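Q: A structural model of the following input is requested.
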Amino acid sequence: MEKDKAETIALQALSFLVRDDELLERFLTQSGLTPDELKERVREPDLLGGVLDAILADDKDLIAFCTHFSLSPETIILARRALPGGYISE
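A: Numbering: from 1, shown residues only. Here you go, the predicted structure:
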């Protein structure tokens, strides 16, 4: 998957997170970011990878996100692999 497409999917995931107070709070807690830091770093590929990690960490959240945006879980995995830290070679 191209990096631009992966970033677009990650931005969709971020919009999904910020619409849900519980998901957003969980993400902020796990990432150690403040809301202002999140706003400042919103376009950083590393941060976007972390957003996809957060979505992929919970099957319920993953399915809800995929359903909302008509994406497959496999597409989210491919997007994550296209961003920094998403693919570890053996």
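Q: what's the helix or strand residue 66 falls within packed up against?
A: Counting by DSSP states H and E, the element that carries residue 66 is helix 59-69. Here helix 59-69 touches helix 3-18, helix 45-56, helix 73-82, going by 3 or more C-beta pairs under 8 Å, 6 or more residues apart in numbering; DSSP states H and E. To be clear about C-beta, it is placed using only N, CA and C from the backbone, and glycine gets the same treatment.
Q: tell me which of these sits most buried.
A: For these, ranked by mean neighbour count under the definition mean count of other C-beta atoms under 10 Å, the leader is helix 45-56 at a mean of 21.
Q: what's near enough to touch the closest residue to residue 85 other than its chain neighbours?
A: Nearest residue to residue 85 in three dimensions, chain neighbours excluded: residue 49, at 5.3 Å (C-beta to C-beta, 6 or more residues apart in numbering). Contacts for residue 49 (C-beta atoms under 8 Å, 6 or more residues apart in numbering) come out as 10, 80, 83-86.
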